[in-house]
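Engineer: Build me a model from this:
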Amino acid sequence: MTEGLILVDGDWVASKGGRTEEVRSPYDGRVVGQVAVADVDDVETALAAAERGAAVWRETPAHARLDVLMRAAALVEERADAIATLLSAENGKTITEARGEVGRASDMIRLAGYEGTQLYGDTLPLDANRGTGQDKIGFTLRQPCGVVVAITPFNYPSLLVLHKVAPALAAGNAVVLKPARTTPLTALALARAFTDAGLPAGVLNVLTGPGGALGDALVSDPRVRKVSFTGSTAVGEHIARTAGVKKLSLELGASCPVVVLPDADIEAAADAIAAGGYINAGQVCISVQRVITHPDVHGDLLDALVPKVRAIAMGDPSSPDTRLGALISEAEARRVEVALQAAVDSGARLLTGGERDGAVLTPAVVDGVDLDAPLNQDELFGPAVAVTTADDWQSAIAYANSTAYGLGAGVFTRDVSGAIRAIRQIDAGVIHINWTPLWRADLMPYGGLKASGIGKEGFRTAVSEMTEEKTVILHGRPW
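Structural biologist: Here you go, the predicted model:
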């Protein structure tokens, strides 16, 4: 059992301080489980174990690493229902969404494992350099970074853990995982699958507890050669200042736009926005937050969208009929409620939603939101979309690019030339034509521009980013 324990050096142990805390459901407050509260002494133990584990795992052939990951994938698949139930309970998302998330987990581990066996290098055309002949051969070689720290958020406790841990392990690194304090149980269940699959001691370590103290101690340690973090831009900036000289992957905040042009399929756009703005109660970095419409279709889009949003079934996350569960906490729900009211106080119109009951907030559509309003400019991370109009294509592009963020964007149009213009001119790491930003394939490169972060996830890209590249030159005698 992992109840009240952390994973260090292959063993499930109590934290050095012996403290534990309860994990409670944000929906009804019931106790879901108990976890250890680690401190900086546990960080030292975990990093020392990871350093030893990295030395062992680095020398393990790729095919042997793959075997361990395949066994872990099979165990996660066997335990998927139990993990999904745990995830829904601690996170507040619907059981349907939780099963969908955990249902991807085994395939994610397999994909990462395969990519970890494909660390190709390149031959170098050294004789293209003036003064060099055929007496040298050059090539590149990839090796693991060593110790990787993975810090994950609450909103996808399975998916985002595996997008960091699985490629790091597949590439031959050891990992110290710090999951979100509000949703640690899913991460511990996944870690148990890896240890049960035969992962050597010290290769995966999991510390639960406060993000500030643990995070600073982890990311600043010189033994750590790579940090992979998903969370807010403010925390990402802090990590960048604190980490020192090491590799960073930072997947940060967003305020994702969707542009609806006059020639768009309005019904299809409304369907997509009604899904893309409210999955996981809007607590998704690629959730639809801003809808930018042309005046000619503005009314038609709202006429199609608002009834779809009102029809989203709310209630007990454990019910398969529920489409929208709780936010991660009552405090977060209250924050979103205040943001919506501030927009209304500034002249916007709340067309539906925005009513709060504890940590549950009814899905909202807010029309006439000023371009510079916080509801457009700041990341909301809640179940609401803000609607703004743009008179022409040039203005729509400017509006889409008007925030500090650049993670994802969507454009609805039947015009190929307009789509190409959007692809070239919208500053976002992922651009969808005729869909919203809320779609992700596990192998595709994924990451943002501007304040939305640095580096890419997606298993092929992530495995590469979890390695260091060497250049090797073999010198022969000239002939």
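
Engineer: Break the protein into its domains for me.
Structural biologist: 6-252+452-471, 256-441 (automatic domain parsing).

Engineer: quick one: what helix or strand has E51 in it?
Structural biologist: helix 40-58 (DSSP states H and E).

Engineer: Same list (the domains of the chain) but as CSV, adding mean pLDDT and mean neighbour count.
Structural biologist: Any C-beta I mention is one placed from the backbone N, CA and C, and that applies to glycine too. Output for the domains of the chain, formatted as CSV (pLDDT from 0 to 100; neighbours: other CB atoms under 10 Å):
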stretch, mean pLDDT, mean neighbour count
domain 6-252+452-471, 97, 20
domain 256-441, 97, 20
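
Engineer: Output these as a markdown table; include the columns distance to R477.
Structural biologist: Below are the domains of the chain laid out as a markdown table (distance: least, CB to CB, whole Å):
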| stretch | distance to R477 |
| --- | --- |
| domain 6-252+452-471 | 6 |
| domain 256-441 | 49 |
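
Engineer: Output the helix holding E51 as CSV, restricted to C-alpha atoms.
Structural biologist: Extracted C-alpha coordinates of helix 40-58, given in CSV (Å, rounded to 0.1, in the frame of the first residue of the first chain):
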residue,chain,number,x,y,z
VAL,A,40,13.7,19.2,2.2
ASP,A,41,15.4,16.2,4.0
ASP,A,42,13.3,13.9,1.8
VAL,A,43,14.5,15.9,-1.2
GLU,A,44,18.1,15.1,-0.3
THR,A,45,17.4,11.4,0.1
ALA,A,46,15.4,11.2,-3.1
LEU,A,47,18.0,13.0,-5.2
ALA,A,48,20.8,10.8,-3.8
ALA,A,49,18.7,7.8,-4.7
ALA,A,50,18.0,9.2,-8.2
GLU,A,51,21.7,9.8,-8.8
ARG,A,52,22.4,6.2,-8.0
GLY,A,53,19.4,5.0,-10.0
ALA,A,54,20.5,7.1,-13.0
ALA,A,55,23.9,5.4,-13.1
VAL,A,56,22.2,2.0,-13.2
TRP,A,57,19.4,2.9,-15.7
ARG,A,58,21.8,4.7,-18.1
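
Engineer: helices or strands next to that helix in the packing?
Structural biologist: Applying 3 or more CB pairs under 8 Å, 6 or more residues apart in numbering; DSSP states H and E, we find helix 40-58 packed against strand 6-8, strand 136-144, strand 147-151, strand 174-178, strand 204-206, helix 211-220.

Engineer: Compute the inter-axis angle for the third one and helix 40-58.
Structural biologist: Angular relation of strand 147-151 and helix 40-58 on a 0 to 180 degree scale: 130 degrees, by axes from the mean of the first three to the mean of the last three CA atoms, to 10 degrees.

Engineer: Next, the distance between the ends of stretch 122-134.
Structural biologist: By CA to CA, to the nearest Å, the extent of stretch 122-134 from end to end equals 17 Å.

Engineer: pull the CA atoms of stretch 59-77 into CSV?
Structural biologist: Output of stretch 59-77 as CSV, limited to C-alpha atoms (Å, rounded to 0.1, in the frame of the first residue of the first chain):
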residue,chain,number,x,y,z
GLU,A,59,23.7,1.4,-18.5
THR,A,60,20.6,-0.6,-19.0
PRO,A,61,20.1,-1.5,-22.7
ALA,A,62,17.1,0.2,-24.5
HIS,A,63,15.4,-3.1,-25.1
ALA,A,64,15.6,-3.9,-21.4
ARG,A,65,14.2,-0.5,-20.5
LEU,A,66,11.4,-1.1,-23.0
ASP,A,67,10.6,-4.5,-21.3
VAL,A,68,10.0,-2.8,-18.0
LEU,A,69,7.9,-0.1,-19.5
MET,A,70,5.8,-2.7,-21.4
ARG,A,71,5.1,-4.5,-18.1
ALA,A,72,4.2,-1.2,-16.4
ALA,A,73,1.8,-0.4,-19.3
ALA,A,74,0.1,-3.8,-18.8
LEU,A,75,-0.3,-3.2,-15.1
VAL,A,76,-1.8,0.2,-15.6
GLU,A,77,-4.2,-1.3,-18.1
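
Engineer: ok, and what's touching that stretch?
Structural biologist: For stretch 59-77, contacts defined as CB atoms under 8 Å, 6 or more residues apart in numbering pick out 57, 83, 102, 105-107, 109-110, 112-114, 116-117, 119, 166, 169-170, 172, 190, 193-194, 196-200.

Engineer: same thing but 7 Å
Structural biologist: The contact list for stretch 59-77 (CB atoms under 7 Å, 6 or more residues apart in numbering) reads 105-106, 109-110, 112-113, 116-117, 169-170, 172, 190, 193-194, 196-199.

Engineer: Now the helices and strands packed on helix 40-58 in TSV, please, with extra columns for distance to K246.
Structural biologist: As requested, the helices and strands packed on helix 40-58 are arranged in TSV below (distance: least, CB to CB, whole Å):
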stretch	distance to K246
strand 6-8	22
strand 136-144	14
strand 147-151	9
strand 174-178	13
strand 204-206	18
helix 211-220	8
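
Engineer: among the ones you listed, which is nearest L449?
Structural biologist: strand 147-151 (21.2 Å; CB to CB).

Engineer: Now E237: which helix or strand?
Structural biologist: Per DSSP H and E: helix 233-242 holds E237.

Engineer: what angle do that helix and strand 147-151 make?
Structural biologist: Interaxial angle of helix 233-242 relative to strand 147-151 (the same axes, to 10 degrees): 160 degrees.

Engineer: And helix 233-242, what does it pack against?
Structural biologist: The helices and strands touching helix 233-242, judged by 3 or more CB pairs under 7 Å, 6 or more residues apart in numbering; DSSP states H and E, are helix 211-220, strand 224-230, strand 247-251.

Engineer: Show residues contacting the first one.
Structural biologist: Right, helix 211-220. The contact list for helix 211-220 (CB under 7 Å, 6+ apart) reads 38-40, 43, 149, 151, 176, 178, 181, 207, 224, 227, 239, 242-244.

Engineer: hmm, which two among these are most spread apart?
Structural biologist: Farthest pair in the contacts of helix 211-220, by CB to CB: R181 and G244, 24.4 Å.

Engineer: and stretch 16-30, how far apart are its ends?
Structural biologist: Termini of stretch 16-30 sit 27 Å apart (CA to CA).

Engineer: residue boundaries of the strands in the stretch 201-350 of the chain?
Structural biologist: Counting by DSSP state E, counting those that start in this stretch, the stretch 201-350 of the chain has these strands, from start to end: 204-206, 224-230, 247-251, 256-260, 288-293, 349-352.

Engineer: Go through those and name the closest to L443.
Structural biologist: Using CB to CB, the strands of the stretch 201-350 of the chain put strand 247-251 closest to L443, at 16.3 Å.

Engineer: and the closest one, what does it pack onto?
Structural biologist: Using 3+ CB pairs under 7 Å, 6+ apart, strand 247-251 is in contact with strand 224-230, helix 233-242, strand 453-454.

Engineer: could you give the angle of the longest one to strand 247-251?
Structural biologist: Here helix 233-242 runs at 170 degrees with respect to strand 247-251, directions being taken by the same axes, to 10 degrees.

Engineer: just how off-centre is helix 233-242 within its chain?
Structural biologist: Chain-centre distance of helix 233-242: 16 Å, with CA atoms, centre = their mean, to the nearest Å.

Engineer: Sweet, I'm off.
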